[in-house]
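>>> sequence and predicted model, in that order:
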Amino acid sequence: MSRKIVVPFGPQHPVLPEPIHLDLVLEDETVVDVIPSIGYVHRGLETLVAKREYTEYVYIAERTCGICSFIHGMTYCQGIEQIMDLEVPQRALYLRTIWSEYSRLHSHLLWLGLFADAMGFENLFMNAWRLREFVLDVLEETTGGRVIQGSCKVGGVRRDISNERLAIMAAELTQFEADLSDLSDVFLHDDSIQSRLVNVGTLSRTDAYDLGAVGPVARGSGVAIDLRKTGYAAYGDLRFEPITETSGDSYGRCAVRVRELFSSIDLIRQAIEKIPEGDIEVKVKGNPDGEYFSRSEQPRGELVHYLKGNGTKHLVRSRIRTPTLTNIPPLVKMLRGCELADVPVIVLSIDPCIGCAER
Amino acid sequence: MTYLKRSPWIVHYDASSCNGCDIEVLACLTPMYDVERFGIVNTGNPKHADIFVVTGSINEQNKAVVRNIYDQIPEPKVVVAVGICATSGGVFRECYNVSGGIDIIIPVDVYVLGCAARPESIIDGIVKSLVILEEKRSNMNSPDTLREPSKGGK
Amino acid sequence: MKIEQQTTVVIGIEHLIGRVEQFRKGGYRLVQVNCTKIGEEFEINYSFEKDYRFENIRIIISPDSEVPSISGMYWGAFVYENEMHDLFGVAVKGMNIDFNGNFIKTSIPYPFRNLQFQGEGPCQGK
């Protein structure tokens, strides 16, 4: 005789560094329904467009999220540049690409660590974060900030990386790639990890597309959406293919992120090889008048910054649609029918970034 | 301070932070910074903790949560506010949903500045808080002080 | 240089469901729904994408009017519609999961409704 009970999950839960609350409706051990509830870290930063000028708002945009901070700032700047028809120098676009890919490396390594932690694999958590420090060191050396870089501005970037430094960065990647291979072997081939992930939280290809999944959640189910293919920044000049897996389970999503680490390294190498000489910014005159949906690929998926200006120095509206927000409906779908003990792993498998989602 | 007498445990809560400080708090636990060498352990349970590390600022939603976690921590306890948001609200202080720093709800002993706070300064702040913790403990045990729990909040 | 072409079509609120149905049948994915306050009116954008082709439809409504929900066609639209309700106070009819204003909990009701721009209100600290 089974009876429905509601188990609250969160907001302060050991597996999540951030607060999200889920009401899990259980029948014995099986989850039959999930009601997500957010709002613990809502700040309302989009209203700050009314208080800050559009050139200053880039700092707010960067602080939407401390993990994918650089890409938020870049997407915002890119949107303003599109509205104002600014021709950003190629070198700046390449630098943005390089920093974006380093951000992706740092975010994916962070997630792999947290994911290992959620599975109770403490050793692997430590190892992933040890490797992540290498990426943060590079970011700090080149931008001055570890997690919040502040190196992007409307019209270009704030600082250049010398060619000698770029050469060193490319050379250092070789050792880093070798270290990553050891780590990825554990994630992809270890028995205990497979027993926790395979066939857990399966999302079919149709569901992933219909529910609007983006990023590794969509690609883990075989939907090849990768906004870098639209060719923003310097991605148009670089060769790469979206990485997909077909299994659609937590293992598939994990494998996509592990393989993306290597694809990011490859992209950084290509960008360092092709980076042209030249200026790193253009002068910005006037105020934005118009609107644009600036889109980019974050570590977690598609990011949309909708910006609308009316010719004054304050934007009328900035709307940040983050990947986690749109990955919540697929998460609800994945959780239905799973075992209670798998809930932490499934929640983490979408790489939730609540700070972003609630803004 | 040349050696530590005890092994203090911390409980971390993300008020309404952007994650930047949170991941730096977590980074303190990992091999590069390794706060476990001070005997510090991150626990999920407030009743096991001595140090309350808060990142991000206070809003209507988490007022009660922060207060509740604080009350659950046994005496003596210290509060470390990590990051500029936890100190004053930072860049978000003008947002409608941000009420201000942590000290509007609970008394704060150490403020760690930075946006995002660097792991080195977080460790520095926590080590500073150990001294305060030790002081509070000796005050509690001294015979001429009444055993009165510290009163929090303004 | 434009990164991508973005088309925006303004339609009447009565055609909304029909147009969204067309996108759904055409195999488009819902990118986002958002609301913007322009003067005394609300602009609501529904964005769709298929094979990196970005299309946007827009309805313009008065703050008191009720918008039909598209969550019957795009199940995941409830996150955007609840958000729109909680931040702007737009009434959305027929959502599949209705949080009744508790999706994003804000300290003041409908904070985006009466946004005060710098220079309009009293100075900071007064």
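Yes, it's here.
>>> what comes up buried for the host helix or strand of A:Ala208?
Using DSSP states H and E, A:Ala208 sits in helix A:205-210. Under the neighbour-count criterion of 16 or more other C-beta atoms under 10 Å in any protein chain shown, helix A:205-210 has A:Asp207, A:Ala208, A:Tyr209, A:Asp210 buried. C-beta coordinates here come from the backbone N, C-alpha and C atoms, glycine included.
>>> in contact with residue 93, which residues?
By default, I'm working from chain A. By C-beta atoms under 8 Å, 6 or more residues apart in numbering or on different chains, the contact set of A:Leu93 is A:Ala233, A:Ala234.
>>> other chain: chain B
B:Ser57, B:Gly100.
>>> switch the cut-off to 10 Å
With contact taken as C-beta atoms under 10 Å, 6 or more residues apart in numbering or on different chains, B:Arg93 is in contact with A:Arg43, B:Ser57, B:Ile84, B:Cys85, B:Ser99, B:Gly100, B:Gly101.
>>> from B:Ile84, how far out is it?
9 Å (C-beta to C-beta, to the nearest Å).
>>> for the stretch 151-300 of chain A, just list every one of the strands.
A:152-153, A:156-157, A:289-298 (DSSP state E, counting those that start in this stretch).
>>> among those, which is nearest chain C?
strand A:289-298 (5.8 Å; C-beta to the nearest C-beta).
>>> does A:Gly309 touch A:Tyr292 like I think?
Yes: using C-beta atoms under 10 Å, A:Gly309 is in contact with A:Tyr292, at 9.2 Å.
>>> mutual contacts of the two, please.
A:Gly79, A:Ile80, A:Ile83, A:Met84.
>>> quick one: contacts for the residue lying closest to the first one once chain neighbours are set aside?
So that's A:Gly79. Leaving out its chain neighbours, the residue that sits closest to A:Gly79 by C-beta to C-beta, 6 or more residues apart in numbering or on different chains is A:Ser294, at 3.1 Å. Contact analysis of A:Ser294 by C-beta under 10 Å, 6+ apart lists A:74-83, A:232, A:303-307, A:320, C:3-4, C:6.
>>> let's have the strands of the stretch 151-300 of chain A in a markdown table, adding mean pLDDT and distance to B:Leu130.
Shown next, in a markdown table, are the strands of the stretch 151-300 of chain A (pLDDT from 0 to 100; distance: least, C-beta to C-beta, whole Å):
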| stretch | mean pLDDT | distance to B:Leu130 |
| --- | --- | --- |
| strand A:152-153 | 86 | 39 |
| strand A:156-157 | 87 | 41 |
| strand A:289-298 | 87 | 38 |
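>>> quick one on the thing from earlier: restrict the buried residues of helix A:205-210 to those near chain C?
Counting by C-beta under 10 Å from any C-beta of the partner chain, A:Asp207, A:Ala208, A:Tyr209, A:Asp210 from the buried residues of helix A:205-210 sit close to chain C.
>>> for chain B, where's the lowest mean pLDDT among helices and strands?
strand B:41-43 (a mean of 80; mean pLDDT, DSSP states H and E).
>>> joint contacts of B:Arg93 and B:Ile84?
Counting by C-beta under 10 Å, 6+ apart, the common neighbours of B:Arg93 and B:Ile84 are B:Ser57, B:Gly101.
>>> just to revisit the earlier point, got the buried residues for the least confident helix or strand of chain B?
B:Asn42, B:Thr43.
>>> next, give phi and psi for the residue of the stretch 51-200 of chain A found nearest chain C.
Among the residues of the stretch 51-200 of chain A, A:Lys51 lies nearest to chain C; the distance is 5.1 Å by C-beta to the nearest C-beta. In terms of degrees, to the nearest 10, the main-chain angles of A:Lys51 are phi -110, psi -20.
>>> would you mind measuring from the residue in chain C that chain B sits nearest to to B:Ser99?
In chain C, the residue that lies nearest chain B is C:Ser107 (4.0 Å; C-beta to the nearest C-beta). Distance, C:Ser107 to B:Ser99, using C-beta to C-beta: 7 Å.
>>> ok so, going back, okay, the strands of the stretch 151-300 of chain A in CSV with distance to A:Ser181 next?
Shown next, in CSV, are the strands of the stretch 151-300 of chain A (distance: least, C-beta to C-beta, whole Å):
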stretch, distance to A:Ser181
strand A:152-153, 31
strand A:156-157, 31
strand A:289-298, 24
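>>> nearest residue to C:Ala48 in space, please, no chain neighbours.
Heads up, residue C:48 is Phe, not Ala. Going by C-beta to C-beta, 6+ apart, C:Phe48 has C:Tyr28 as its nearest residue, at 3.9 Å.
>>> then C:Phe54?
In space, C:Phe54 is closest to C:Gln6, 5.0 Å off (C-beta to C-beta, 6+ apart).
>>> quick check: phi and psi on that neighbour?
phi -130, psi 120.
>>> got it, and A:Arg158?
phi -90, psi -30.
>>> what's the burial count for it?
Neighbour count of A:Arg158, defined by other C-beta atoms under 10 Å in any protein chain shown: 16.
>>> cool, C:Ser47 as well?
Neighbours of C:Ser47 under the rule other C-beta under 10 Å: 24.
>>> pLDDT value on it, please?
With respect to pLDDT, C:Ser47 scores 88.
>>> helices along chain C, start to end?
Assigned by DSSP state H, chain C shows helices spanning C:16-25, C:78-88.
>>> so which of the ones you listed is the most packed in?
Highest mean neighbour count among the helices of chain C (mean count of other C-beta atoms under 10 Å in any protein chain shown): helix C:78-88, with a mean of 24.
>>> what helix or strand is B:Tyr111 located in?
Judged by DSSP H and E, B:Tyr111 forms part of strand B:110-112.
>>> gap between that strand and the chain center?
Remark: strand B:110-112 is offset 8 Å from the chain centroid, using C-alpha atoms, centre = their mean, to the nearest Å.
>>> alright, I will stop here.
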